[in-house]
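Engineer: just to be clear, the model below is a prediction. Sequence and coordinates:
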Amino acid sequence: MRRFLRLGAVVTAFGLTLAGCGSSTTEAPADGGGLGTAESPVSIRVIANDAFAKQWQDQLVPEFAKKHPNIKVTVDGVPYNDQLAKSMLELTSPTATYDVILGDDPWFPQLAKTGGLVDLKTDLAKFTDAGYAWDDFNPSPLAAGQWDGHQYGVPVRSNLLLMFYNRELYKKAKVAEPTSETTWEQYFADAPKLVQDTDGDGKPDAWAVGTYFTKDPLTPTIWQTVLNSNGGRLLDDDLKVSFDDDAGVKALQTQIDLLKYAPPGASTYQFNEPLEAFRQGKVATMFMWGSVYKGTAIDKATTTLSEDQVGITTLPAGSAGPGAHRGIWSAGVAKKSAHQAAAWTFLQWVTSKEGEQWVGANLGTFPARDSTLQGTPPAPWLKPVYEAITKGYEAISKGQMWRPRLPESDAVQQILALQTSRAMSGQAPAKDAVHQAAVDISALLKSKGYAQ
């Protein structure tokens with residue numbers, strides 16, 4: 001919690017600085033800085049998450065250089081918990097260190113509000129390739145980079161919560177494999193059977209589920225998805241809290257109840273623990289970000305499972321349909337950048353039809369373009385993945401399955417993380433945790449000028 005408070009204080013201070021000094025103090029050249037020549041190449045810097053920054057630098061950048069050898073790209077990795085604060089500092093400082101800024105889904109309204117990003121559709125239209133095809137993007141991932149009617153970012157790492165399942169463990173338990181039509185009621189009816197003794201020693205050594213359970217900003221996305229799949233929302237159209245009711249309590253209790261069928265010690269699970277448990281064949285299902293599929297089903301260096309053992313689909317369905325949750329990394333171009341043309345050229349290639357094909361096949365990153373999802377996958381193993389992504393995008397769009405689209409989204413998620421943790425650890429019943437989260441979020445939004 002102290003980490004969250006420090007981050008909140010830093011970001012608040014940046015907001016005060018921005019209010020006092022306005023946006024950038026430098027102007028980009030009219031030609032966007034050009035695309036460089038063999039004698040005088042252009043250099044751009046990208047601030048990215050360290051979970052994939054090295055992969056980009058070592059694999060993606062050399063591939064881009066084959067097309068644009070005169071644009072030199074450096075990708076700097078930053079730990080996730082530091083990246084928002086560092087990006088806010090970058091966008092509110094008088095000079096530019098980075099030309100390209102990456103932001104996680106809930107951060108982008110906050111980054112855009114600084115005034116430090118350009119509108120990619122309008123401000124950089126003269127540097128946009130004729131065949132870029134904005135209308136080919138699926139609306140759900142593209143919307144993550146939008147704010148206040150402007151397109152400040154494009155989806156460079158599309159992601160969504162999905163359900164992974166181990167076909168062998170389902171077969172041993174004599175349970176039908178889940179589909180996009182499997183309901184939460186059906187899932188919980190099957191869960192006790194998926195807690196199994198697979199080696200015959202009389203003790204369970206495989207369990208039904210692994211996912212986020214401990215205090216983490218991503219932990220509440222599980223019950224948020226349950227809430228959305230039942231037609232509920234965190235905030236209504238007037239930005240007032242709308243989850244402090246039976247539907248909100250039921251959603252949180254659903255996540256709490258998953259612990260009954262999880263491995264011992266699962267209450268401490270964040271990202272790595274359920275991922276490792278699934279890859280080791282210890283859990284039959286995993287509610288996790290779909291981008292881990294390649295490392296879970298294909299890459300022998302990271303998993304004990306094989307492609308034919310791993311199934312993937314949407315989260316169990318509620319009354320309104322199947323569940324998923326959007327988690328898009330979008331990238332924008334800094335208004336202070338002296339090389340906007342080169343920066344946008346780089347982002348265009350990464351998010352182009354060609355770029356998506358290469359990234360999907362080599363890095364396992366999910367596509368954002370409908371033509372990619374509906375076309376022939378660049379690798380055979382991607383076919384079931386693309387089918388799951390397509391269904392997931394449909395669910396996300398229908399159920400508005402994303403974190404609040406507010407500059408205060410990160411602060412809202414931290415409140416939800418704290419109260420979810422209280423409920424998961426037994427410190428408070430679900431009803432009390434939901435109510436306290438509602439009270440705290442209402443107070444936060446009221447302090448920021450939203451009517452409550």
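Structural biologist: Cool, the structure landed.
Engineer: so residue 255 is in which element?
Structural biologist: Using DSSP states H and E, residue 255 sits within helix 246-258.
Engineer: all helices for the stretch 201-350 of the chain, in order.
Structural biologist: Along the stretch 201-350 of the chain, the segments classed as helices by DSSP state H, counting those that start in this stretch run 220-229, 246-258, 272-279, 293, 340-351.
Engineer: what's the most buried one of those helices?
Structural biologist: Of all the helices of the stretch 201-350 of the chain, helix 220-229 has the most neighbours on average by mean count of other CB atoms under 10 Å, namely a mean of 27. C-beta here means a position set from N, CA and C on the backbone, and glycine is covered the same way.
Engineer: just the CA coordinates for that one, please, in PDB.
Structural biologist: The C-alpha trace of helix 220-229 is given here as PDB (Å, rounded to 0.1, in the frame of the first residue of the first chain):
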ATOM      1  CA  PRO A 220      -9.900  -6.900  -9.100                       C
ATOM      2  CA  THR A 221     -10.100  -7.400 -12.900                       C
ATOM      3  CA  ILE A 222     -11.300 -11.000 -12.200                       C
ATOM      4  CA  TRP A 223     -14.400 -10.000 -10.300                       C
ATOM      5  CA  GLN A 224     -14.900  -6.900 -12.500                       C
ATOM      6  CA  THR A 225     -15.200  -9.300 -15.400                       C
ATOM      7  CA  VAL A 226     -17.800 -11.300 -13.500                       C
ATOM      8  CA  LEU A 227     -19.700  -8.100 -12.800                       C
ATOM      9  CA  ASN A 228     -19.600  -7.000 -16.400                       C
ATOM     10  CA  SER A 229     -20.600 -10.500 -17.700                       C
END
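Engineer: give me the three-state assignment for the closest residue in space to residue 374 that isn't next to it in sequence.
Structural biologist: Nearest residue to residue 374, sequence neighbours excluded (CB to CB, 6 or more residues apart in numbering): residue 390, at 7.8 Å. Secondary structure, DSSP: H, G, I helix; E, B strand; the rest coil: residue 390 is helix.
Engineer: residue 367 versus residue 390, what's the distance?
Structural biologist: Note on residue 390: its distance to residue 367, by CB to CB, to the nearest Å, is 10 Å.
Engineer: more crowded one of those two?
Structural biologist: Taking other CB atoms under 10 Å, residue 390 and residue 367 do not tie; residue 367 has more neighbours (28 against 15).
Engineer: quick check: closest non-adjacent residue to that one.
Structural biologist: residue 356 (4.5 Å).
Engineer: ditto for residue 57
Structural biologist: Of all residues not flanking residue 57 in the chain, residue 75 sits nearest, at 4.4 Å (CB to CB, 6+ apart).
Engineer: pretty sure that neighbour is touching residue 53, no?
Structural biologist: Yes: counting by CB atoms under 8 Å, residue 53 is a contact partner of residue 75 at 5.0 Å.
Engineer: about what we covered before: what's the burial count for the residue nearest to residue 367?
Structural biologist: 25.
Engineer: doesn't it lie inside a helix?
Structural biologist: Yes: assigned with three-state DSSP, residue 356 falls within a helix.
Engineer: contact partners for it?
Structural biologist: 367, 368, 369, 372 (CB atoms under 8 Å, 6 or more residues apart in numbering).
Engineer: could the residues you listed go into a markdown table alongside distance to residue 245 and secondary structure?
Structural biologist: Shown next, in a markdown table, are these (distance: CB to CB, whole Å; DSSP: H, G, I helix; E, B strand; the rest coil):
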| residue | distance to residue 245 | secondary structure |
| --- | --- | --- |
| 367 | 37 | coil |
| 368 | 34 | coil |
| 369 | 38 | strand |
| 372 | 39 | helix |
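Engineer: roughly how far does residue 298 sit from residue 313?
Structural biologist: Between residue 298 and residue 313 the distance is 18 Å, computed by CB to CB.
Engineer: scratch that, residue 28 is what I was asking about
Structural biologist: Between residue 28 and residue 313 the distance is 45 Å, computed by CB to CB.
Engineer: the closest residue to residue 291 other than its chain neighbours: neighbouring residues, count only.
Structural biologist: Of all residues not flanking residue 291 in the chain, residue 159 sits nearest, at 4.8 Å (CB to CB, 6+ apart). With neighbours defined by other CB under 10 Å, the count for residue 159 comes to 23.
Engineer: can you give me phi and psi for residue 159?
Structural biologist: phi -150, psi 160 (degrees, to the nearest 10).
Engineer: for it, what are its contacts?
Structural biologist: Residue 159 neighbours (CB under 8 Å, 6+ apart): 289, 290, 291, 326, 327, 328, 329, 366.
Engineer: would you map out the domains in the protein?
Structural biologist: According to automatic domain parsing, the chain comprises the domains 2-158+328-375, 161-325+403-447.
Engineer: contacting residues for the closest residue to residue 355 other than its chain neighbours?
Structural biologist: Nearest residue to residue 355 in three dimensions, chain neighbours excluded: residue 349, at 4.9 Å (CB to CB, 6+ apart). Going by CB under 8 Å, 6+ apart, residue 349 touches 64, 67, 68, 355.
Engineer: measure the spatially most central residue of the chain to residue 159 for me?
Structural biologist: Nearest to the geometric centre of the chain sits residue 327, at 2.0 Å (CA atoms, centre = their mean). Note on residue 327: its distance to residue 159, by CB to CB, is 4 Å.
Engineer: now residue 335
Structural biologist: For residue 335, the distance to residue 159 - CB to CB - is 27 Å.
Engineer: same deal with residue 197?
Structural biologist: From residue 197 to residue 159 the distance is 35 Å (CB to CB).
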